[in-house]
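Undergrad: structure, please.
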Amino acid sequence: MKQSFLDIFGRGFGRRGLWFSAAVLALSTTAAQAASPYELPIKEHVFENGLRLLVLERPDDPRVEAKIFTDMGAIHETPGLLGSAHFQEHIMFKGTPSLGSSDWSAEQPIRERMKVVEAEFIEEKNRARNAIRQRGAMDDYRHEPLTPRMRELQAQLTALEKEASVYRENGAINKWYQAYGGTNLTATTEQEYMKFDINLPASRIDLFFRLEADRMSNTVFREFDQERMILVEQRLGDLNKPSTPYYEQMNAVAGLIHPVFWPEGYISDFYEYTRTSQRALYEEYFVVNNSTIVLIGGVSIEDMIPRVEHYFGWMKPAPEPTRTPAIEPRPGAERRLIYRNDEISPRVEFRYLIPAVGHPDRPMFDVMSEIASRRLNTAVHSAGIAASVNVNTRVVHTDRFGVPGTMNFELVLSNAADLQAAETLLENTLETLRNGSSNDELKMAKASLRAQWYRTARDASALAFEIGHFQTMDSWRRLPQYLAARDTVASDDIARLSETYLILDNRSVGIARPRHAIAAQEQQQ
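TA: Below is the predicted model:
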């Protein structure tokens, strides 16, 4: 049962029996590991209800970077409701009964009426499926967009939301954090996770536990339609970038079925969200046994265990949330996209499916990326082609996954006349990877990756993100192993990756060229 903010936080520390019922687990280190530059002295405690606490102690730090990760993201969405995970993030900033309402006893009955009206709206919508079904392929034709009864119920929901808004206290969560020294309050939703985070004085860490426990158990979906329109505006802003539609088309070509390749929602999706569908996501995924707290800073795990137990220990574990059953089929043919657009810079791109984090080959692709990027830059310069080189493993806007993704090799050109030469150059340069790499290339690649990691390790926020991200992808324990594996990559490994993965049947080719150039070429033919 969900409990009120006051119920949770008005009690004393009365559940001490569970404080140390599970052993505090520290990352074990052998003599060899102790000398590793990637050693992470993370301490772990898993509570009886399944909540995971990871602490990296920095005793001299007066502040603490605090993040809470939920294993839920875009890969758990349903076609027709794409973007709903991101929308969930937005509406989870709207407070709870005790944070965000001036009079919950007056607001609550209004929100209960909204549930009844929305349930009737959903029933009417399902009943009218043949009238409102989308029928156009190049337009939005349907017999009627809404039935009269649906319009009437929509108006009732709008009126009820307006009535409830009288009791709305905007930004309650933000105000509490800011009042006690919190900075950099952010939230992020990606394909595999959602996180909320804040940087606080270490002495104020209880505030993080209080607010996030309340958010997990008691979120009220206020200003639902206003947030819906904010999402629409954000999505339109993203789509107005000339490159966005191209990259989304490439994602669709490279991945056949897996939701990791799906975009962040089509405009039609945003109007399909209901409080009921979002509540279903919230109830299934935002549960204590699907969450990980990561703390880095001036706190100790011995001190944090009873505090976390106090704020989260009363929550009962829920049934394990549904995981996407999608498995990307084995590629069996080269795919090609011709994207005609006068606004985007001309470009040629090769994408190849690669393994997920947790697969032994995945760290090697980081080294290959560094080597391939340098070779392509050298080749472009030598050929006299005006182009920028972009080598990455990004899908949508995430670079690593616990499911297979892609490795992308892109040349962005100044002149569309160089497209054919650029494709040939890209193919020939990647072919050279089959011969492995020189010792100098390996040294430079590994040095660059180590420098990137050292910068991450110094930044508490970036490091906490990596720890939490690896936990949602696979396991936080895999992070040091992943980093160390990159240092062991040899020339033969680069050759094997190339021969195994950079093959024609695993290749998706993207060509972006001006529309007028296509027309002129077709006219000549």
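
Undergrad: break down the stretch 101-250 of the chain into its helices, ranges please.
TA: 104-127, 129-132, 148-164, 172-179, 205-218, 224-239, 243-254 (DSSP state H, counting those that start in this stretch).

Undergrad: which residues of this structure score low on pLDDT?
TA: 1-35, 517-525 (pLDDT under 70).

Undergrad: so for it, the centremost residue is which one?
TA: Closest residue to the average C-alpha location of the chain: residue 190 at 1.1 Å, with CA atoms, centre = their mean.

Undergrad: thought residue 72 was touching that residue, still the case?
TA: No: under the criterion of CB atoms under 8 Å, residue 190 is not in contact with residue 72, lying 10.3 Å apart. Any C-beta I mention is one placed from the backbone N, CA and C, and that applies to glycine too.

Undergrad: hmm, back to that, among the helices of the stretch 101-250 of the chain, which is nearest residue 288?
TA: For residue 288, the closest of these is helix 205-218, at 7.1 Å, according to CB to CB.

Undergrad: list the buried ones in the closest one?
TA: 205, 207-218 (16 or more other CB atoms under 10 Å).

Undergrad: turn the residues you listed into TSV, including distance to residue 172.
TA: Listed next are the buried residues of helix 205-218 as TSV, based on distance: CB to CB, whole Å:
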residue	distance to residue 172
205	19
207	13
208	15
209	17
210	12
211	9
212	14
213	15
214	10
215	11
216	16
217	16
218	12
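
Undergrad: so which of those comes closest to residue 76?
TA: Comparing the buried residues of helix 205-218 against residue 76 with CB to CB places residue 216 closest, at 16.8 Å.

Undergrad: burial of the residue lying closest to that closest one once chain neighbours are set aside, as a residue count?
TA: What sits nearest to residue 216 in space, not counting adjacent residues and going by CB to CB, 6 or more residues apart in numbering, is residue 286, at 5.4 Å. Using other CB atoms under 10 Å, residue 286 has 20 other residues around it.

Undergrad: where exactly do the helices run in the stretch 401-525 of the chain?
TA: Using DSSP H, counting those that start in this stretch, helices in the stretch 401-525 of the chain cover 419-431, 439-458, 460-473, 478-486, 491-501, 515-524.

Undergrad: so which elements touch the second one?
TA: Judged by 3 or more CB pairs under 8 Å, 6 or more residues apart in numbering; DSSP states H and E, the packing partners of helix 439-458 are helix 362-383, helix 460-473, helix 478-486.

Undergrad: list the contacts of the residue lying closest to residue 386 once chain neighbours are set aside.
TA: Spatial nearest neighbour of residue 386, excluding adjacent residues (CB to CB, 6+ apart): residue 414 at 3.9 Å. Residue 414 makes contact with 345, 386, 387 under the criterion CB atoms under 8 Å, 6 or more residues apart in numbering.

Undergrad: quick one, which of those are buried?
TA: So, by 16+ other CB under 10 Å, the buried ones in the contacts of residue 414 are 345, 387.

Undergrad: among the contacts of residue 414, which are located in strands?
TA: Members of the contacts of residue 414 lying in strands (criterion: DSSP state E): residue 387.

Undergrad: can you put the contacts of residue 414 in CSV and add distance to residue 496?
TA: Shown next, in CSV, are those (distance: CB to CB, whole Å):
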residue, distance to residue 496
345, 34
386, 34
387, 29
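
Undergrad: of the contacts of residue 414, closest to residue 514?
TA: residue 345 (9.5 Å).

Undergrad: for that closest one, list the residues it contacts.
TA: 242, 243, 412, 413, 414, 512.

Undergrad: how many neighbours does the first one have?
TA: Okay, so that is residue 242. Residues near residue 242, counting by other CB under 10 Å, number 13.

Undergrad: backbone phi and psi for it, please?
TA: Phi and psi for residue 242, reported as degrees, to the nearest 10, are phi -60, psi -30.

Undergrad: quick check: it touching residue 347?
TA: No: in this structure, residue 242 is not within contact of residue 347 by CB under 8 Å, at 11.1 Å.

Undergrad: re earlier: between the contacts of residue 414, which sits nearest residue 132?
TA: When the contacts of residue 414 are compared against residue 132 (criterion: CB to CB), the nearest one is residue 345, at 40.3 Å.

Undergrad: neighbours around residue 170, how many?
TA: By other CB under 10 Å, the residues close to residue 170 number 12.

Undergrad: which ones are touching the residue nearest to it when sequence neighbours are not counted?
TA: Counting by CB to CB, 6+ apart, the nearest residue to residue 170 once its immediate chain neighbours are dropped is residue 100, at 7.8 Å. Shown in contact with residue 100 (CB under 8 Å, 6+ apart): 94, 168, 169, 170, 172, 173, 220, 222.

Undergrad: identify the bridge partners of the second one.
TA: When bridges are assigned using DSSP bridges, the partners listed for residue 168 are residue 101.

Undergrad: for it, what are its contacts?
TA: 100, 101, 102, 222, 223.

Undergrad: ok, now how distant is it from residue 88?
TA: Residue 168 sits 19 Å away from residue 88, taking CB to CB, to the nearest Å as the criterion.

Undergrad: check the last one too.
TA: As judged by CB to CB, residue 222 and residue 88 stand 14 Å apart.

Undergrad: which of the two has more residues huddled nearby?
TA: residue 88 (26 against 23).

Undergrad: how about the strand or helix carrying the more buried one: buried residues?
TA: Assessed by DSSP states H and E, residue 88 sits inside helix 84-91. For helix 84-91, the neighbour count (16+ other CB under 10 Å) marks 84, 85, 86, 87, 88, 89, 90, 91 as buried.

Undergrad: same list (those) but as a markdown table, adding distance to residue 466.
TA: Shown next, in a markdown table, are the buried residues of helix 84-91 (distance: CB to CB, whole Å):
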| residue | distance to residue 466 |
| --- | --- |
| 84 | 26 |
| 85 | 21 |
| 86 | 22 |
| 87 | 26 |
| 88 | 23 |
| 89 | 20 |
| 90 | 25 |
| 91 | 28 |
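
Undergrad: what is the nearest of those residues to residue 231?
TA: For those, the residue nearest residue 231 by CB to CB is residue 87; the value is 5.5 Å.

Undergrad: residue 278 is in contact with the closest one, correct?
TA: Yes: counting by CB under 8 Å, residue 87 does reach residue 278; the two are 6.7 Å apart.
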